[in-house]
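1. Provide a 3D model corresponding to the input given below.
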Amino acid sequence: MNYRETISQKAHFNYLHKKQSGGAGQFARVMGYIEPTTTDLNSEDADLACQFVDATEGQNIPNEYIPAIEKAFHECTKKGIQTGYPVVGIKYVLTDGQTHVVDSSSLAFGIATKYSFKEAF
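-> Coordinates of the predicted model:
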């Protein structure tokens with residue numbers, strides 16, 4: 001039997017990753033929510049895929065960081081928070097964020113995404 005993890009209701013996240021050590025630091029904020037993609041996971045046609053949605057408006061998060069956020073989200077779904085089994089049937093919706101001129105990077109946004117997923121899950 002294959003075990004999987006999912007969520008049953010919408011959960012919001014607002015995670016700020018800020019780390020300063022000597023030289024250039026790391027700074028990234030991601031805001032949004034995760035929600036189930038389907039209500040009945042036991043039905044034959046249940047959509048078990050995990051979806052990433054970029055619902056940001058404006059330039060609070062530059063487009064160059066969006067792929068890093070999506071990649072980090074999909075990495076999180078491979079091993080769930082509760083039991084370590086794959087996560088299925090959820091949608092990660094990125095609605096807003098914040099960057100820093102010097103300290104933001106793809107790495108910082110990847111880390112922020114992983115912690116935001118953990119926080120919301």
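2. Looking only at residue counts, what's the top strand in the protein?
-> Identified as the longest strand of the chain according to DSSP state E is strand 26-36.
3. mind checking how far the residue of the chain most remote from its centre is from residue 31?
-> What lies farthest from the middle of the chain is residue 22; by CA atoms, centre = their mean that is 28.0 Å. Using CB to CB, to the nearest Å, residue 22 is found at 28 Å from residue 31. Backbone N, C-alpha and C define where each C-beta goes, glycine included.
4. ditto for residue 72
-> 15 Å.
5. In contact with residue 55, which residues?
-> 32, 93, 94, 95 (CB atoms under 8 Å, 6 or more residues apart in numbering).
6. Which helix or strand contains the residue farthest from the centre of the chain?
-> Element membership for residue 22, per DSSP states H and E: none, as it lies in no helix or strand.
7. For stretch 12-30, measure first residue to last.
-> 11 Å (CA to CA, to the nearest Å).
8. can you pull the buried residues of that stretch?
-> In terms of neighbour count (16 or more other CB atoms under 10 Å), stretch 12-30 has its buried residues at 13, 14, 15, 17, 25, 26, 27, 28, 29, 30.
9. among those, which two are most distant?
-> Between any two of the buried residues of stretch 12-30, the greatest separation by CB to CB is 21.6 Å, found for 13 and 25.
10. quick revisit: for the contacts of residue 55, could you give me JSON lines that also reports distance to residue 62, pLDDT and secondary structure?
-> Listed next are the contacts of residue 55 as JSON lines, based on distance: CB to CB, whole Å; pLDDT from 0 to 100; DSSP: H, G, I helix; E, B strand; the rest coil:
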{"residue": "32", "distance to residue 62": "16", "pLDDT": "97", "secondary structure": "strand"}
{"residue": "93", "distance to residue 62": "18", "pLDDT": "97", "secondary structure": "strand"}
{"residue": "94", "distance to residue 62": "13", "pLDDT": "97", "secondary structure": "strand"}
{"residue": "95", "distance to residue 62": "16", "pLDDT": "96", "secondary structure": "strand"}
